[in-house]
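Student: here is a sequence together with a model predicted from it:
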Amino acid sequence: MNLGIIDTHAHLNDARFKEDWAEMRQRAKDQGVVATILPNVDVDTLPEVQKYVSSEPKWCFGMLGLHPCSVEENWQEQLNAIWQHSNQVNWVAIGEIGLDLYWDKTSLSRQQDALDWQLIKAAEMDLPVCLHTRNAHAETVASLQRLRPPAGGVFHCFTGNYSEAVQVFDLDMYIGIGGVVTYKQTELREVLAKVGLNRVVLETDSPYLPPVPHRGKRNEPSWLTEVVHTIAQACRCHPQRVIETTFQNALTVYPKLQN
Ligand SMILES: [Zn+2]
């Protein structure tokens, strides 16, 4: 894979990309986006993710997993259905998985069960994990301390403070940084200035969380250049260094990108 920007978390299977997929992909390639990773969300998104991974094998990579906001009471059946596809694709990670107490606190125990089950699978399959955690940093860290995935992983869309970043690094994991770093109301730039780039990967979370000056629109991988520039400013380095370091980090944490 040529050196460039890797969007480590993009829901490009979203219906909002159907109409201008080829143009969106060209804009991204023109801005130096050399690879994208599509997280799975639930049973229904799986065929879509698989479709893009097989039709764009050098540019789209896929993750296998059940999103915490999609964990239903029959979570074990959901996971069984998803894991029937575990051998069909060269999955680069288990994701996105985790805990979300922002939308629904009452489902914590089943979210926890589904997370545990997927952490055990990640260890068995020797794959890294991509973690979604919202209003649940401490609970997620506790789960990972209990069932630490040997292949590591990424806290996707990291928006925490300095000590939360250190907790992630203590788990030997990475933080995914996207559009939020460009927002006025965030301490992420100060956190990055302090922790540096050694454990940072880039992501858009497209179509969500577009960077300034595109807020309110559908996010897309080509706009990662805004994120790169903001990180470079925060860390007082050249944008090229942000690209090079995050590229190497992405290949380190997601080694199957190179297969
Ligand atoms: Zn996501």
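Tutor: In hand now; what should we look at?

Student: beyond the lengthiest strand in the chain, next helix or strand please.
Tutor: What stands out as the longest strand in the chain, according to DSSP state E, is strand 93-100. Once the chain leaves strand 93-100, the next helix or strand it forms, by DSSP states H and E, is helix 108-125.

Student: now do that next one and strand 93-100, the angle between them.
Tutor: 160 degrees (axes from the mean of the first three to the mean of the last three CA atoms, to 10 degrees).

Student: and helix 108-125, what other elements does it pack with?
Tutor: helix 75-83, strand 93-100, strand 129-134, helix 137-146 (3 or more CB pairs under 8 Å, 6 or more residues apart in numbering; DSSP states H and E). (C-beta placed from N, C-alpha, C; glycine too.)

Student: report the angle between it and strand 129-134.
Tutor: For helix 108-125 against strand 129-134, the angle by the same axes, to 10 degrees is 160 degrees.

Student: can you give me how far helix 108-125 is from the chain middle?
Tutor: 17 Å (CA atoms, centre = their mean, to the nearest Å).

Student: picking up where we left off before, among the helices and strands packed on helix 108-125, which is nearest residue 155?
Tutor: strand 129-134 (5.1 Å; CB to CB).

Student: what sits up against that closest one?
Tutor: For strand 129-134, contacts defined as CB atoms under 8 Å, 6 or more residues apart in numbering pick out 8-9, 37, 39, 63, 65, 67-68, 93-103, 118-119, 122, 139-140, 144, 149, 151-157, 173, 176.

Student: can you list the strands that it pairs with?
Tutor: strand 93-100 (parallel), strand 153-155 (parallel) (DSSP bridges).

Student: tabulate these in CSV, adding columns for mean neighbour count and distance to residue 247.
Tutor: Supplementary listing: the strands paired with strand 129-134 in CSV, determined by neighbours: other CB atoms under 10 Å; distance: least, CB to CB, whole Å:
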stretch, mean neighbour count, distance to residue 247
strand 93-100, 28, 17
strand 153-155, 28, 14
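
Student: got TSV for these, with mean pLDDT and distance to residue 241 too?
Tutor: Formatted as TSV, these follow (pLDDT from 0 to 100; distance: least, CB to CB, whole Å):
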stretch	mean pLDDT	distance to residue 241
strand 93-100	97	25
strand 153-155	98	20
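
Student: would you list those strands in JSON lines and tack on distance to residue 78?
Tutor: JSON lines is the format used below for the strands paired with strand 129-134 (distance: least, CB to CB, whole Å):
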{"stretch": "strand 93-100", "distance to residue 78": "12"}
{"stretch": "strand 153-155", "distance to residue 78": "21"}
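
Student: among these, which comes closest to residue 32?
Tutor: strand 153-155 (20.6 Å).

Student: next, residue 69: phi, psi?
Tutor: The phi/psi pair for residue 69 (degrees, to the nearest 10) reads phi -80, psi -10.

Student: my guess is it contacts residue 100. True?
Tutor: Yes - when contacts are counted by CB atoms under 8 Å, residue 69 is listed as touching residue 100 (5.2 Å).

Student: residue ranges for the helices of this protein, please.
Tutor: Under the criterion DSSP state H, the chain contains helices at 21-30, 46-55, 75-83, 108-125, 137-146, 162-170, 188-195, 224-235, 239-253.

Student: quick one, which of those is packed in tightest?
Tutor: For the helices of the chain, the largest average neighbour count (mean count of other CB atoms under 10 Å) is found in helix 224-235, namely a mean of 21.
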